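Colleague: need a 3D model of the following:
(one chain, ligands or ions: 2)
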Amino acid sequence: MRALVVMGVSGSGKSTVAQALCSRSGATMIEGDQFHPARNVQKMQAGIPLNDEDRQGWLELLVKAANERLATTQHVVVACSALKRSYRETLQQGIPYIGFVFLALSEAEATQRVTHRPGHFMPASLVRSQFDDLEPPHDEANVLTLSATQPVTDIVDEVMAWWPRTLDTGS
Ligand SMILES: Nc1ncnc2c1ncn2[C@@H]1O[C@H](COP(=O)(O)OP(=O)(O)OP(=O)(O)O)[C@@H](O)[C@H]1O
Ligand SMILES: O=C(O)[C@H](O)[C@@H](O)[C@H](O)[C@H](O)CO
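Modeller: Ligands and ions are numbered 1, 2, ... in the order given. Have a look, this model is predicted:
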């Protein structure tokens with residue numbers, strides 16, 4: 001599979017794990033946070049959760065960015081919350097040969113991390129709403145679910161052991 005989406009709630013470690021995966025695999029990183037329109041960031045900063053409409057345009061930008069990168073690079077890793085099944089379907093329909101790594105952790109753990117993370121626009125008060133929106137990807141194809149509280153190197157080891165990167169089948 002040529003594209004891997006590292007997904008989960010805020011604080012689950014998407015950016016950290018996606019970066020480490022790119023270092024290990026040579027894949028190109030796409031940081032979902034950087035594709036939010038300014039109004040989405042302003043909303044989150046103001047403590048207002050994004051809704052489906054806010055996220056739709058953002059997901060379309062991510063699809064476009066992933067396809068642009070895949071024209072010149074073999075593999076991409078996208079850090080994107082992809083909380084709902086419909087969001088994952090949008091990504092799946094737009095990006096060929098895609099898989100998902102779901103970083104699972106409790107609300108208390110996510111809140112703890114977001115509270116102590118410096119210099120980020122996401123307030124800890126929004127973590128609850130992230131869990132309200134989260135539809136864990138049970139029974140969906142091409143998903144690896146991992147505990148987000150393991151050391152990052154262990155997470156990357158597990159992803160690398162699972163990730164089929166075959167070129168000819170695109171799987
Ligand atoms: N496996 C881990 N063990 C311990 N701390 C971690 C781990 N993964 C990430 N962290 C820490 O948790 C915090 C959140 O990580 P990160 O910013 O990567 O999460 P995120 O899912 O990308 O969040 P957001 O969606 O809000 O951008 C950071 O301070 C990071 O250093
Ligand atoms: O779908 C969402 O609600 C957003 O993508 C959030 O998850 C934030 O972007 C991220 O968590 C903050 O960095």
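Colleague: C-alpha only now, for contacts and for neighbours.
Modeller: Will do.
Colleague: tell me how far residue 163 lies from residue 135.
Modeller: 22 Å (CA to CA, to the nearest Å).
Colleague: out of these two, which sits in the busier spot?
Modeller: Higher neighbour count among residue 163 and residue 135: residue 163, with 19 against 14, using other CA atoms under 10 Å.
Colleague: tell me the SS of residue 30?
Modeller: strand (DSSP: H, G, I helix; E, B strand; the rest coil).
Colleague: show me what it is bridged to.
Modeller: Beta-bridge partners for residue 30, by DSSP bridges, are residue 78.
Colleague: residue contacts, it?
Modeller: Applying CA atoms under 8 Å, 6 or more residues apart in numbering, we find residue 30 in contact with 65-66, 76-79.
Colleague: just put those residues in CSV and tack on pLDDT, neighbour count and distance to residue 141.
Modeller: Formatted as CSV, the contacts of residue 30 follow (pLDDT from 0 to 100; neighbours: other CA atoms under 10 Å; distance: CA to CA, whole Å):
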residue, pLDDT, neighbour count, distance to residue 141
65, 98, 16, 23
66, 98, 24, 20
76, 98, 25, 19
77, 98, 27, 17
78, 98, 27, 17
79, 98, 26, 19
